[in-house]
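In: structural data only, the sequence is not supplied:
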């Protein structure tokens, strides 16, 4: 077990950076709990997650803006979700850049959708940096202070291993149901 923690402390920062490029919620929670346990440094964990998350969103914006044909080819199956992202941008305006950091499934689509529009890059970059900082600080600090409860939860799950897959199926199924329901084509009568 000590070898695992040693490896996580050594390679955990690299993994956190790579995972946070595309989202990073679970990696940030895990790294913050390891910080609670004294295996990683919380301020460095938050900084790495912030930088990677901000950089990842800027890269997605850039790809949406300058690689439209490639992005549209890859998003062909997700046209309805992309349309929902455009509606959310119109409805919430610049607030969507903050909101999307906390909503699974929107983290990648919103920067691409904004990149496909004529939204100003400087404004996006500034709001993205602020929202990435808010995301990294709130999730990192919240997870750090919830570390004791999360460690106890991990112990319960290790004693009853059927809980983890069941939870994943319920959460994943709920997210899938919600995403398909929201983006479902409405039939007019």
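Out: Structure received. Keep in mind it's a predicted model, so treat the numbers as computed, not measured.
In: below-threshold pLDDT in the chain: ranges please.
Out: Within the chain, the segments meeting pLDDT under 70 span 1-9, 183-189.
In: what about the helices in it?
Out: Listed in chain order, the helices of the chain (DSSP state H) span 2-20, 25-36, 42-66, 68-74, 79-92, 95-99, 106-116, 121-145, 147-159, 163-182.
In: rebuild those as CSV, extending it with mean neighbour count.
Out: Heads up, the C-betas are built off the backbone N, CA and C, glycines and all. Listed next are the helices of the chain as CSV, based on neighbours: other Cβ atoms under 10 Å:
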stretch, mean neighbour count
helix 2-20, 15
helix 25-36, 22
helix 42-66, 20
helix 68-74, 12
helix 79-92, 15
helix 95-99, 18
helix 106-116, 23
helix 121-145, 18
helix 147-159, 12
helix 163-182, 11
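In: which residues touch residue 13?
Out: Residue 13 makes contact with 31, 40, 44, 45, 48 under the criterion Cβ atoms under 8 Å, 6 or more residues apart in numbering.
In: any chance of CSV for those, columns distance to residue 144?
Out: Formatted as CSV, the contacts of residue 13 follow (distance: Cβ to Cβ, whole Å):
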residue, distance to residue 144
31, 9
40, 10
44, 12
45, 9
48, 14
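In: ok, so of these, who is nearest residue 156?
Out: Nearest to residue 156 among those is residue 31, at 21.0 Å by Cβ to Cβ.
In: the nearest residue to that closest one once chain neighbours are set aside and residue 36, how far apart?
Out: Nearest-residue entry for residue 31: residue 45, 4.3 Å, with adjacent residues in sequence omitted and distances by Cβ to Cβ, 6 or more residues apart in numbering. Distance of residue 45 to residue 36, given as Cβ to Cβ, to the nearest Å: 10 Å.
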